[in-house]
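[1] sharing a model that was predicted from the sequence below.
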Amino acid sequence: MSAAREAWQYVAELWFGEENHDRFHNACEAADVSPPQLKALLSMEKGQPQPMRTLAENWRCDASWVTGIVDGLEERGYAERRAHPTDRRVKVVEITALGDKAKAKALERLHEPPASVLALTAREQATLRDLLRKVRDHAT
């Protein structure tokens, strides 16, 4: 097995393992949303409305599924749906200030390091951070 494959295997095992199992659901609870709604919130940026069709493509789901997710976010005041400024047939969705706060609460929970990371020395944590940042930067 290559070192890259083995490293990625460890990342997957950590992400889907016992220590991290409840992390995403705890983040959902913090934001008072369902898992699909949290995934939606995490993909939205304030001031960047997106057409519903684009959201469906990005989330890799049917447009009707996006409607249900956005309905739930609108009910909580986390997102706003309106007509596209130049094409009234197109609906765009934007995260609201309240949605941005809920997203921040969820990210606070998601970004809390697990005990396994805290068990590393400060230097090891910095090395891990730097390596993961490099991987992330190459992925985006």
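    Everything's here; your move.
[2] mind listing what the residue positioned nearest the centre of the chain touches?
    Centroid-nearest residue in the chain, with CA atoms, centre = their mean: Leu42, separated by 3.4 Å. Leu42 makes contact with 103, 106-107 under the criterion CB atoms under 8 Å, 6 or more residues apart in numbering. In short, each C-beta sits where N, CA and C put it, glycine included.
[3] low pLDDT regions in the protein?
    Judged against pLDDT under 70, the chain has no low-scoring part.
[4] all helices of this protein, in order?
    Secondary structure of the chain (DSSP state H): helices at 3-16, 23-31, 35-42, 52-59, 63-76, 97-110, 115-118, 122-139.
[5] okay, the angle between the third one and helix 97-110?
    Using axes from the mean of the first three to the mean of the last three CA atoms, to 10 degrees, the inter-axis angle of helix 35-42 relative to helix 97-110 is 110 degrees.
[6] mind listing what's buried along stretch 88-98?
    91-96 (16 or more other CB atoms under 10 Å).
[7] do stretch 101-109 as well
    102-103, 106-107, 109.
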